[in-house]
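>>> Got a sequence here, can you model it:
(one chain, ligands or ions: 1)
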Amino acid sequence: MRTLTLLAALALSGTAAAQPILTPKPAPQPKINGPEVYGARPGRPFLYRIPSTGERPMRFSAAGLPKELKLDAATGIISGAAPAKRGEYRVTLSAANARGKAARRFRIVVGDTLALTPPMGWNDWYTHYDRITDRLMRQAADAMLASGMADFGYQYVNIDDCWMVKPGSTVAELGGDPRTADGSIRPNGRFPDMKALTAYIHAKGLKAGLYTSPGPLTCARFAGSYQHEEQDARCFAEWGFDFLKYDLCSYRSIDKRTTVEADRKPYELMGSILPKLNRDVVFNLCQYGRSEVWKWGGEVGGNCWRTTGDLGLEKSTRLPAFYSIGFKNAAAWEYAAPGKWNDPDYILIGTVGDASKSSAPPVKTSLTAEEQYSYMSMWALMAAPLFYSGDMGTLDEFTLNVLCNAEVIEVDQDALGKQARIVRRTDDEFILAKPMADGSLAVGLFNLADNEREVAVSWQDLGIEGRRRARDVWRQKDTGAVAGQYKALLPPHGVALARLFR
Ligand code: GLA
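Just a heads-up that it's a prediction; the model follows:
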């Protein structure tokens, strides 16, 4: 009996110590989350679900909404078509429930630029690989709402590779002709009706994404879009997709040159097609950072571009793989801007598959709690697209506490659209600072050492003066006035994410 109690106590304290939950539970009162600015092209279909926490039922309203748009007061879904007239439309979103009400400014910018803040959502790759089906995508969309992720701004439900036919496959569902007689791309047998799938996702106020390659084959050797680029893009828009990941893969065997011009070419082509479509399609370049893509990704119409190889294939060193990917992505900080984001790849936490053994079932991440907070903090400071790629079916409380902290996400989604500058990088310390639209500064102190360590940054290093009100972003708590420096005692691989207000 005694042993049992002791064991139970140990187990409990063990869990609590290993995985402290930092994110406060959302209040029952309404709180509207999500970006303050949103880009749309004139006249294209418009869809936005107001992300908000608080007790349901909730009633939504929107003052100043352009007449072309309508709001469903019960669900908070805004739909219709973007106004034909370019310009800024200043809207005030409101939400009310039995406990209170909340309001938030929301600027709709009708013009040429999409993704004015980094896109957020889920991508199936690191969970389902070549097993992805229509049913799994629908379940992920269901889970995005049921888990509450959508209430924090997660919005895109994206299919990665393997929805097309795999030429030569012996698996009946995957084989067959990759294209119809008129050259149209055919989904494989696991995707019976793409239009019905996007309609299902859109009905929830969420958006749908998919993937192809400019080469004849994708990285998993399914059919790509080579010589069918425009036809495929039109088809994707017709099906109702809102996001395209364009993955170089076998295109490298089509054009073996290693010049910047050669690297730009396939992306220039797709980038010139997408804005002509009658849908807003966010354009995600995936070519692993070749030819310093951050310098020209925006010029070819990209909204975000992978700056590195696959995070899931990156070798861990003394530090887990997300750090080296993060360091490379951080170095391109000057090139990020609204609608043009550096993409360090997905958030691989929770239950997630191993890309080097993709046939094995997903397993619980081996990252410590501290490392997971560091991962999410780094991505937010880098204004990275926030795509979770673990299993949506097994989201636990700890994983959701990492993914769904409204103030951490606010750092990522800030309307100024600056990526954090690298203030310091040594073997033991990494420090990032991100200017925010309200004049505050988001600062991340990362302890890279394997032992507890105090990390400090001076005002001189941060380029600021005077007293600041400091806020612990993870705990969502003010921690008092500070002057001269900001410091924190951090556990191994731990982080302090702070916001310094004037
Ligand atoms: C490449 C990409 C990954 C994923 C796979 C799919 O490796 O970088 O993100 O899309 O292809 O095959």
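
>>> Establish whether stretch 314-324 and the ligand are in contact.
No. Stretch 314-324 stays clear of the ligand (Cβ under 6 Å from any ligand atom), getting no nearer than 11.0 Å. From N, CA and C alone the C-beta is placed, and that goes for glycine too.

>>> hmm, I was thinking of stretch 145-161
Yes. Interface with the ligand: stretch 145-161 contributes 160-161 (Cβ under 6 Å from any ligand atom).

>>> Show me what counts as buried in that stretch.
In terms of neighbour count (16 or more other Cβ atoms under 10 Å), stretch 145-161 has its buried residues at 147-161.

>>> swap in stretch 457-476?
Buried-residue list, stretch 457-476, by 16+ other Cβ under 10 Å: 457, 459, 462, 464, 468, 470-474.

>>> Just to be sure, which of these are found in strands?
Using DSSP state E, 457, 468, 470-472 are the members of these that sit in strands.

>>> ok, the residues you listed vs residue 52, which is closest?
Within those, the smallest distance to residue 52 is 21.4 Å, found for residue 471 (Cβ to Cβ).

>>> so the residue lying closest to that closest one once chain neighbours are set aside is in which element?
Using Cβ to Cβ, 6 or more residues apart in numbering and skipping the chain neighbours, the partner closest in space to residue 471 is residue 499 (4.6 Å). Per DSSP states H and E, residue 499 falls inside strand 495-501.

>>> Now that strand: average pLDDT?
Across strand 495-501, the average pLDDT comes to 98.

>>> Ok, stretch 408-422 next?
99.

>>> in that stretch, what counts as buried?
Buried residues in stretch 408-422 (16+ other Cβ under 10 Å): 408-415, 417-421.

>>> got the residue ranges for the helices in the stretch 301-450 of the chain?
321-331, 369-381, 397-403, 406-413 (DSSP state H, counting those that start in this stretch).

>>> Highest mean neighbour count across those helices, which stretch is it?
helix 369-381 (a mean of 25; mean count of other Cβ atoms under 10 Å).

>>> how near is residue 421 to residue 410?
Between residue 421 and residue 410 the distance is 19 Å, computed by Cβ to Cβ, to the nearest Å.

>>> Who are the packing partners of the strand holding residue 499?
Under the contact definition 3 or more Cβ pairs under 8 Å, 6 or more residues apart in numbering; DSSP states H and E, strand 495-501 sits against helix 369-381, helix 406-413, strand 441-447, strand 467-472, strand 485-490.

>>> among those, which is nearest the ligand?
Minimum separation from the ligand across these (Cβ to the nearest ligand atom) falls at helix 369-381, 15.5 Å.

>>> Now that closest one: average pLDDT?
Here the average pLDDT along helix 369-381 is 99.

>>> just stretch 441-455 next, same as before
Per-residue scores along stretch 441-455 average to 98.

>>> centre of the chain versus that stretch, how much separation?
24 Å (Cα atoms, centre = their mean, to the nearest Å).

>>> Quick check: end-to-end length of that stretch?
17 Å (Cα to Cα, to the nearest Å).

>>> Check which residues of that stretch are buried.
Buried-residue list, stretch 441-455, by 16+ other Cβ under 10 Å: 441-449, 453, 455.

>>> Likewise for stretch 229-242?
In stretch 229-242, counting by 16+ other Cβ under 10 Å, buried: 229-237, 239-242.

>>> what number of residues lie near residue 92?
Counted with other Cβ atoms under 10 Å, the neighbours of residue 92 add up to 14.

>>> Next up, the contacts around it.
62-64, 103-106 (Cβ atoms under 8 Å, 6 or more residues apart in numbering).

>>> swap in residue 388?
Per Cβ under 8 Å, 6+ apart, neighbours of residue 388: 121-123, 149, 154, 346-347, 349-350, 403.

>>> for residue 134, same thing?
190-193, 197 are the contacts of residue 134 under Cβ under 8 Å, 6+ apart.

>>> The helices and strands packed on strand 495-501: which one's closest to residue 47?
Among the helices and strands packed on strand 495-501, helix 406-413 sits nearest to residue 47 (Cβ to Cβ), with 17.8 Å.

>>> who does the closest one touch, helix- and strand-wise?
Helix 406-413 sits against strand 120-123, helix 369-381, strand 495-501, with contacts defined as 3+ Cβ pairs under 8 Å, 6+ apart.

>>> Excluding chain neighbours, give the residue nearest to the residue of the stretch 351-500 of the chain found nearest the ligand in space.
Closest residue of the stretch 351-500 of the chain to the ligand, Cβ to the nearest ligand atom: residue 355 (7.6 Å). Nearest in space to residue 355, with sequence neighbours left out and distances taken as Cβ to Cβ, 6+ apart, is residue 312 at 3.5 Å.
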